[in-house]
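1. Could you look at this predicted model? Sequence included:
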Amino acid sequence: MAIQYALLLLTALVFVVPLFWMATASLKGLQEIYTFPPVWIPTQPKWENYPNAWNAAPFARFYVNTLITTFFGVGLEIVNAALTAYALVFLRFPGKNLIFIVLLTALMIPVQVTILPNYLTIAALGWLNTYQGIILPGASVAFTAFLLRQHFLTLPTEILEAARLEGAGHLQLLWRIVLPLSRPVLVTGILISVVAKWNDFLWPLIVTNRLNMRVLPIGLSYLFDREGNNQWGIIMAATIFVVMPIVILFVWAQRHIISGLIAGATKG
Amino acid sequence: MDRRTFIIQSGGAVGSLILIGCGNNSGGSGDVQQPAATGQAAKAAEGKTRVVFWSSWSSSSGEALQKFADDFNASQNEIFVDNQYQGTYEETAQKLATALAARQVPDMASLSEVTWNKFFLNDSLQDLTGYFTETKLDPKDYVESLINEGTKDGKIWWVPFARSTPLFYYNRDMFKKAGLPDRGPKTWDELREWGKDLMGKGGAKKVFAFTNAKNYNAWHFQGNVWQWGGAYSDEDFNILIDEGKAVEAGEWLRKFVHEDKMGYMAEDQSVDFGNGLCAVTQQSTGSLGGIVETAKFEVGTAMLPEQEKFGCPTGGAGLGILASASDERKRAAFEFIRFLAKPENAASWAKTTGYMPVTQSARESKEMQDYFKENPNYKVAVEQLPKTQPQDTARLLIPNGDQTIGTGLERILVNNTPAQEAFKNVATQLEDDAKEVKESA
């Protein structure tokens, strides 16, 4: 038991200490951050780091932009993935396996490879500096479809058969039966997607040129000095308000993952 | 993600993008567009020549640059400079390569000492010599070593703007305690002699903090190689790092670290130096402000020590105009370059950012002279500037050259690998990677 707790504590420390450091550093001056041995609690909290960070770049605008791109990006991605996974599991059509293999292959292509062709397409459509330009290339993600498919395979077919006999159509089956039964996986998929979209840096940077179309992760880069002469306290303060919504979402959503897992277990 | 890991990871991607880009990019052709303007910028630019400027400065430097653009736009009513921040030097280069392929190209961009070469080699940059003559902007007003770096075959392609160099930093309090003169060592051997006192009476744990590849140790070591009379490579990509003097420099490093136990490899030498773990270090001139702010002692600066002779590379970024822009926009962009070169502007940029003043007139201006009096440490950096030289092709042009050399140095610093062996491996790798460039050059 003691060993288990020790290991648990160690794991917790590995995850918590960086967050703790980020939070305390956001209230420190540069000298206190750089000093050795480290100062864990700021002696004179510099609250002004927060307004300074917020005013260093138009963060309100970045927030709005990120909310829009994340919301629609995640929405499209999940709808897309659910439809794909449903078709791959519950429909019979020629070439199904081939399509699945192509999907798996897409998992293995690094993002960097797709940047240029995507950019050319978006530029040709005249969508540089637009929300749709930021969102659409991420609207279909192979991993999410794969994740849902693997879970759909484990669902008992009897329930679906029964519903089908009652006269439910495909979309009804998906919406009323399959997705509610997949809640933990769905929440997991949404979380992964939210984190990816919220944190995405390279693509929004490439596809936007103007300040008013930029998103939060690029906003953070506005605080960095080119020669490494960085005001870490201010950068950490900005990082706090950039990651805070994600942390809150996680805390709120983990309930659903756990209750969902338990619900599944008792039924089995 | 940390800026430097990002650079390393994206390095390969930039290279491949540029290769794709050069196939269909023959500068100056008709269907290349300016990136579209939206919102207020479009209104402000109405009836004027709009210059799209992709820049790489954020934070306080970014604000200073934006102010120049605003002042310039307010000073006349023909040209509107639309300054757009595009991330680090590497990210800007990556965007530019993508933009060239998509034919939505800015008119002017900030390019680092490494990235500008790539755009020069695939003919994306405009020869600026004619504009210099036309507008009577004297290229000789720029610091000679800096303007020469952007000059190829007698033509100017890349104009100095935000330049930095390595600088020697020492802990004056420790030097005093160790009974040493208040100056940097003349040679590396002198530093070695001082080492015993610094670690004894001075109280330093180590004498000198070197750094790792991620932190650009190959940039710092470039100076060492020259000081010993060697080179990384020559103009024609012949690799020289595994020969004679370069190996001697590496061996000196190895002995200093592993036999004398005076040097070591620091994750971030500024942090260690600021905390008094080492007595001296070498870091960019651009870090001066930060080091003085965080150090709990009197910071001194000096020119880099010599060995057989003096050697110091340059770093940072300059400005290039894209060949694909219309003639009118190129002229307009050059007007902005001219504006930035005015003594009062170049001086104020240097003061705000910590970069070197790039023109003689800026250096001699009263504003700068007063600043020197208040900041003698900064003055040392500026005095060293005329003696600097552009880096060897191996680090500038060979893909991943910086990291290849840096990793070799890490082997010497950490594993005690003999310099001959470590640099032999580096040379093999560099020669391999050079093939690609030789073919496209």
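-> Sure thing, it's come through. Numbers count the residues shown, from 1 in each chain, chains lettered A, B, ... in the order given.
2. How about the stretch 151-300 of chain B: which residue is closest to chain A?
-> Nearest to chain A, among the residues of the stretch 151-300 of chain B, is residue B:286, at 2.7 Å (C-beta to the nearest C-beta). Backbone N, C-alpha and C define where each C-beta goes, glycine included.
3. That residue: what's its closest spatial neighbour, skipping adjacent residues?
-> residue A:227 (2.7 Å; C-beta to C-beta, 6 or more residues apart in numbering or on different chains).
4. tell me the contacts of that neighbour?
-> By C-beta atoms under 8 Å, 6 or more residues apart in numbering or on different chains, residue A:227 lies in contact with B:164, B:284, B:286, B:287, B:316, B:353, B:354, B:355.
5. Check residue A:124 too.
-> By C-beta under 8 Å, 6+ apart, the contact set of residue A:124 is residue B:102.
6. Residue B:201 in helix, strand or coil?
-> coil (DSSP: H, G, I helix; E, B strand; the rest coil).
7. what phi and what psi does the backbone show at it?
-> Main-chain dihedrals, residue B:201, degrees, to the nearest 10: phi -60, psi -30.
8. and the nearest residue to it once chain neighbours are set aside, how far is that from residue B:296?
-> Distances taken as C-beta to C-beta, 6+ apart place residue B:178 nearest to residue B:201, at 4.7 Å, with adjacent residues excluded. Residue B:178 sits 17 Å away from residue B:296 when distances are taken as C-beta to C-beta, to the nearest Å.
9. The two: which has the busier surroundings?
-> Neighbour totals were compared for residue B:178 and residue B:296, and residue B:178 leads with 20 against 12 (other C-beta atoms under 10 Å in any protein chain shown).
10. OK, contacts around that one?
-> Residue B:178 is in contact with B:194, B:197, B:198, B:200, B:201, B:202, B:279, counting by C-beta under 8 Å, 6+ apart.
11. same deal with residue B:383?
-> Contacts for residue B:383 (C-beta under 8 Å, 6+ apart) come out as residue B:303.
12. Now do it, the pLDDT please.
-> Residue B:383 is assigned 94 on the pLDDT scale.
13. Ok, residue B:8 next?
-> 40.
14. Which residues belonging to stretch B:168-182 are considered buried?
-> For stretch B:168-182, a neighbour-count test (16 or more other C-beta atoms under 10 Å in any protein chain shown) marks B:168, B:169, B:170, B:171, B:172, B:173, B:174, B:175, B:177, B:178, B:180 as buried.
15. which residue ranges form the strands in chain B?
-> Assigned by DSSP state E, chain B shows strands spanning B:49-55, B:79-85, B:108-112, B:151-152, B:155-156, B:159-164, B:166-171, B:206-211, B:263-266, B:278-284, B:299-302, B:315-321.
16. Tabulate those in JSON lines, adding columns for distance to residue B:380.
-> Below are the strands of chain B laid out as JSON lines (distance: least, C-beta to C-beta, whole Å):
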{"stretch": "strand B:49-55", "distance to residue B:380": "28"}
{"stretch": "strand B:79-85", "distance to residue B:380": "31"}
{"stretch": "strand B:108-112", "distance to residue B:380": "24"}
{"stretch": "strand B:151-152", "distance to residue B:380": "27"}
{"stretch": "strand B:155-156", "distance to residue B:380": "29"}
{"stretch": "strand B:159-164", "distance to residue B:380": "14"}
{"stretch": "strand B:166-171", "distance to residue B:380": "7"}
{"stretch": "strand B:206-211", "distance to residue B:380": "18"}
{"stretch": "strand B:263-266", "distance to residue B:380": "22"}
{"stretch": "strand B:278-284", "distance to residue B:380": "13"}
{"stretch": "strand B:299-302", "distance to residue B:380": "5"}
{"stretch": "strand B:315-321", "distance to residue B:380": "17"}
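17. possible to save those strands as JSON lines with mean pLDDT and distance to chain A?
-> Listed next are the strands of chain B as JSON lines, based on pLDDT from 0 to 100; distance: least, C-beta to the nearest C-beta, whole Å:
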{"stretch": "strand B:49-55", "mean pLDDT": "95", "distance to chain A": "8"}
{"stretch": "strand B:79-85", "mean pLDDT": "95", "distance to chain A": "5"}
{"stretch": "strand B:108-112", "mean pLDDT": "96", "distance to chain A": "9"}
{"stretch": "strand B:151-152", "mean pLDDT": "94", "distance to chain A": "24"}
{"stretch": "strand B:155-156", "mean pLDDT": "97", "distance to chain A": "23"}
{"stretch": "strand B:159-164", "mean pLDDT": "96", "distance to chain A": "6"}
{"stretch": "strand B:166-171", "mean pLDDT": "97", "distance to chain A": "11"}
{"stretch": "strand B:206-211", "mean pLDDT": "96", "distance to chain A": "11"}
{"stretch": "strand B:263-266", "mean pLDDT": "95", "distance to chain A": "12"}
{"stretch": "strand B:278-284", "mean pLDDT": "96", "distance to chain A": "6"}
{"stretch": "strand B:299-302", "mean pLDDT": "96", "distance to chain A": "13"}
{"stretch": "strand B:315-321", "mean pLDDT": "96", "distance to chain A": "8"}
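18. Skip the chain neighbours and tell me the closest residue to residue A:119.
-> residue B:98 (5.0 Å).
19. okay but the one you found is in contact with residue A:117, surely?
-> No. Assessed by C-beta atoms under 8 Å, residue B:98 is found out of contact with residue A:117, at 10.3 Å.
20. more crowded one of these two?
-> When neighbours are counted by other C-beta under 10 Å, residue B:98 and residue A:117 differ, and residue B:98 comes out ahead with 24 against 12.
21. any idea how far the more buried one is from residue B:91?
-> 11 Å.
22. Residue B:324 - nearest residue in space that isn't next to it in sequence?
-> Nearest one to residue B:324, counting by C-beta to C-beta, 6+ apart, is residue B:32 at 4.1 Å.
23. How about the contacts made by that neighbour?
-> B:103, B:104, B:105, B:324, B:325.
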